[in-house]
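> From the sequence below, what's the structure:
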Amino acid sequence: MRDLRGRFEGIRVVGDVHGDAEAFQAAVEGAAAERLFVIQLGDLTDGGSDGAAVLRRAFALRAEGRGLFMLGNHDHKLRRALEGASLRIEANGLGRTLEQIGAAGDAESLRRRAVEEIGRAPAWLRIDQRLFVHGGFHPRMLHAPPPPDAGARKPEGLVPRALFGQVTSRMRDDGYPERLHDWVDRIPQGFTIYCGHELRSADGRPYMQVGAGGGAAVFMDTGAGKGGHLSWVDLPW
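As a prediction, the model looks like this:
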């Protein structure tokens, strides 16, 4: 990442997109105008109006060296579906994404590209005293690189924490796993974790939580593609 400092003024961190192509385009174009490298925190599709367009834009960012996307649980599931795995498919989530891809003029090439790109998406990324991850943090992420093929195989080791956060074996009334945030208290002083995965904001802005250890987590999902909007924050090097 050090070679990027001469080309970019800083970083634009973009939350979960969930198929909101128009908002993602605005975030990417704005970053280009400000000479910012884009780090998108995963969950590109499932829920919005044009998942296919979001995928194309995310893949172009990486190909052009102007950004990347982290591996999210929805991305991981999309890759599995495209490879023919037997999955539970929600009509308004993954089902909608598969329909959008199927209706695209470049459907076949887009499917192949999605399998490839998701397969090599990083599960977490550390830059100095910042760490970018989709679901949740573990202190070992500060010292260990993610598996290079985390998106192409069954989640193991630290990857489940990166994709799903900290969960219990219980389900909530809304059908989602019960989530814990004890990991926030384990962020060391001076470190900030940028993550998505769950909507914790009560005012439409990214939500920051400072842990007992003095570090902070910034939750970037503000409901894009699911009735909310897309958020991003700009950081200097």
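
> C-alpha from now on. contacts and neighbour counts both.
Noted.

> So which residue is dead centre in the protein?
Gly42 (1.5 Å; CA atoms, centre = their mean).

> Need the nearest residue in space to that one, chain neighbours excluded.
Leaving out its chain neighbours, the residue that sits closest to Gly42 by CA to CA, 6 or more residues apart in numbering is Gly72, at 4.2 Å.

> Hmm, the one you found is touching Phe132, no?
No: the criterion here is CA atoms under 8 Å, and Gly72 misses it with Phe132 at 11.4 Å.

> which residues do these two both contact?
Here Gly72 and Phe132 share the contacting residues Leu41, scored by CA atoms under 8 Å, 6 or more residues apart in numbering.

> In the chain, where is pLDDT below threshold?
In the predicted model of the chain, residues 1-2, 174-175 satisfy pLDDT under 70.

> Against Arg111, how distant is the residue lying farthest from the centre of it?
Centroid-distance maximum for the chain: Gly105 at 25.8 Å, with CA atoms, centre = their mean. Separation of Gly105 from Arg111 (CA to CA, to the nearest Å): 11 Å.

> swap in Ser169?
Remark: distance between Ser169 and Arg111 (CA to CA) = 33 Å.

> of those two, who's got more company?
Legend: neighbour count by other CA atoms under 10 Å for Ser169 and Arg111, higher for Arg111 (19 against 7).

> I'd guessed that one sits against Leu82; true?
Yes: between Arg111 and Leu82 there is a contact under CA under 8 Å: 6.6 Å.

> and stretch 216-234, which residues are buried?
Going by neighbour count (16 or more other CA atoms under 10 Å), the buried part of stretch 216-234 is 216-226, 229-232, 234.

> and which of the residues you listed is nearest Gln25?
The closest of those to Gln25 turns out to be Leu230 (CA to CA; 10.7 Å).

> List the residues that contact the nearest residue to that closest one once chain neighbours are set aside.
Excluding its sequence neighbours, the residue lying closest to Leu230 (CA to CA, 6+ apart) is Ala224, at 4.7 Å. With contact set as CA under 8 Å, 6+ apart, Ala224 has these partners: Asp16, Val17, His18, Gly19, Asp20, Gly48, Leu230, Ser231.
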